[in-house]
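Undergrad: Need the 3D shape of this:
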Amino acid sequence: MTNTSTPVRKNILLLIPQLTYGGAERVFHDHGQQLAQHHHVVECVFDSATEVAFPTSNTLVALDVPAGAGVVGKLRSFIGRIQRVKELKREHRIDVCISHLEGADYLNLLSKGPEQVLLCIHNSKRHDPNIRGALGWLRRRVLMPLLYRSADRIVPVSRDLRQELIDMFGLAPRKVLTINNFFDVEGIQRRSQEPLLPAEQRLFAEHPILITAGRLAREKNQTALLEVLSTMRAAGQHSAKLVLLGDGPLRADLLRRCLELGLRAWQVWEEAPMTADYDVYFLGFQSNPFQYIARAAVSLLSSSTEGFPMALCEAMACGVPVASTDCPTGPREILAPQTPATAYAQGPEWAEFGLLLPLLGAGPALSQSAPVWADTLSSLLADQEKRTYYAAQAYRRVQDFAPGKIMQQWQALLNEPTK
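TA: Got it, this is the predicted structure:
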């Protein structure tokens, strides 16, 4: 067996469409920094004009092949990008190329030479709402099943994603290896101790805060949390506040829904002073979300689909109890690892490391699930002992995803001989 304690230095190319704010982009950046401790790492994005939200100390290059118009133009651009990746692999004498996200996977696979080709899979292909229509059918039924088989290894970030890839694409189980995301628990704890502004401190000190962090987007389903809070208000729970960290395309819809539900919303994008007179607080993107999460009563994950949810584990690293939808994939593996992947919460499930709740959904489904969430969260807010217990359990569980443990698995994979 290869000794992973003395890794052979390799030239590694990391490939991703862009480095804007996002979970996959953050994982990409963190992997790059960790791998650079033992290897020469080159990071590559598609276009140098896009924002780089995660600056790197590694070499950063861009394909910079202009996007074409129409079918012929797009095909020409795609072929040009493949050629550019091939050139980068030759120029930097790449031993291993690791791609993150589907567009990068295609380029990695179609530019394959003698190097080891690895795909890091972050999201469900079955449940992704963005894979739709005729092109979605082509991607899901033809391109991914056909091309992914030529990878040396496929690395999903959760056990349930692994089984999904095997079932959907007919991949050989030996080629699909789960490696979870890792989290800098000590760094998160350190940053969580940074002070809040006086108005923020008063809000968090005087009211039980339900907090959620993530891009304001449809798949994160923060809209449903507004329904939950409204239901809690109707049942007499008036002290709890909902805080949303993050920004995104759903912002205007969320603010409009607050008005429709009679929830008073404070937003960081306006200049009104923060007071305790509001129900919902939109704090926008925060470079340090942990100082807010650590002071909350409960951290919520409302997503309809995930891969291996960063926000959930980061909240656990902050030492707060977590309540999550039992969505595909990730939350059950994290909070109830001894239970089967096929299990789904039909009601409140007080799991080993946190609270699993039914999917929130929308429309009629939400009208059934919101009261379940509202009743359960109200009872949890009223039970300090249970919150203290689950905060400790959450912090204990997240130690399993420390960088050292996870990068040992990646190093073992890098040391495998290329077929």
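Undergrad: Count the neighbours of Gly136 for me.
TA: Residues lying near Gly136 (other C-beta atoms under 10 Å) number 14. The C-beta positions use only the backbone N, C-alpha and C, and glycine is treated the same way.
Undergrad: model confidence over the one helix or strand it maps to, on average?
TA: Here Gly136 sits within helix 133-138, counting by DSSP states H and E. Per-residue pLDDT values over helix 133-138 give a mean of 87.
Undergrad: Mind listing residues that contact it?
TA: Asn130 (C-beta atoms under 8 Å, 6 or more residues apart in numbering).
Undergrad: what's downstream of that helix, the next helix or strand?
TA: Sequence-wise, the next helix or strand downstream of helix 133-138 (DSSP H and E) is helix 144-148.
Undergrad: Just give me how far that next one sits from the chain centre.
TA: 23 Å (C-alpha atoms, centre = their mean, to the nearest Å).
Undergrad: contacts for that helix?
TA: Here helix 144-148 makes contact (C-beta under 8 Å, 6+ apart) with 102, 105-106, 109-110, 119, 125, 154, 165, 168-171.
Undergrad: count of neighbours near Ile16?
TA: Neighbour count of Ile16, defined by other C-beta under 10 Å: 24.
Undergrad: gap between it and Lys86?
TA: Using C-beta to C-beta, to the nearest Å, Ile16 is found at 17 Å from Lys86.
Undergrad: hang on, the earlier thing: which one of the contacts of helix 144-148 is nearest Asn288?
TA: Among the contacts of helix 144-148, Glu102 lies closest to Asn288 (C-beta to C-beta), at 30.5 Å.
Undergrad: The closest one reaches Arg139, doesn't it?
TA: Yes. The pair Glu102 / Arg139 is scored as a contact, 7.2 Å apart, by C-beta atoms under 8 Å.
Undergrad: what pLDDT does Glu385 get?
TA: Note for Glu385: predicted pLDDT of 98.
Undergrad: and it, that's in a strand?
TA: No. Read with DSSP: H, G, I helix; E, B strand; the rest coil, Glu385 is helix and lies in no strand.
Undergrad: From Leu147, how far out is it?
TA: 52 Å.
Undergrad: Compare the two (neighbour count), which wins?
TA: Leu147 (18 against 7).
Undergrad: can you tell me how far the more buried one sits from Ala315?
TA: 36 Å.
Undergrad: Over to Val142?
TA: Taking C-beta to C-beta as the measure, Val142 falls 38 Å from Ala315.
Undergrad: between these two, who's got more neighbours?
TA: Using other C-beta under 10 Å, the more surrounded residue of Val142 and Ala315 is Ala315, with 32 against 10.
Undergrad: So in terms of bridging, what pairs with the closest residue to the more buried one other than its chain neighbours?
TA: Closest residue to Ala315 apart from its sequence neighbours, by C-beta to C-beta, 6 or more residues apart in numbering: Ser299 at 3.5 Å. Beta-bridge partners recorded for Ser299 (DSSP bridges): Ile211, Val322.
Undergrad: low-confidence ranges in this protein?
TA: The chain contains residues with pLDDT under 70 at 1-6, 418-419.
Undergrad: Which elements pack onto the helix or strand encompassing Leu60?
TA: Assigned by DSSP H and E, Leu60 falls within strand 59-62. Contacts defined by 3 or more C-beta pairs under 8 Å, 6 or more residues apart in numbering; DSSP states H and E place strand 59-62 against strand 40-45.
Undergrad: Give me the contacts around the strand it packs on.
TA: Against strand 40-45 from outside (C-beta under 8 Å, 6+ apart): 9-19, 28, 32, 35, 52, 56, 58-63, 85, 88, 92, 94.
Undergrad: Show only the entries of these found in strands.
TA: Asn11, Ile12, Leu13, Leu14, Leu15, Thr59, Leu60, Val61, Ala62 (DSSP state E).
Undergrad: can you count the residues close to the first one?
TA: The number of residues packed around Asn11, counting by other C-beta under 10 Å, is 16.
Undergrad: try the last one
TA: By other C-beta under 10 Å, the residues close to Ala62 number 16.
Undergrad: Find the nearest non-adjacent residue to Leu203, please.
TA: Among residues not flanking Leu203 along the chain, Ala276 sits closest, at 5.9 Å (C-beta to C-beta, 6+ apart).
Undergrad: Doesn't the one you found lie inside a strand?
TA: No. Using three-state DSSP, the secondary structure at Ala276 is coil, not a strand.
Undergrad: Pull up the gap between it and Arg153, please.
TA: 52 Å.
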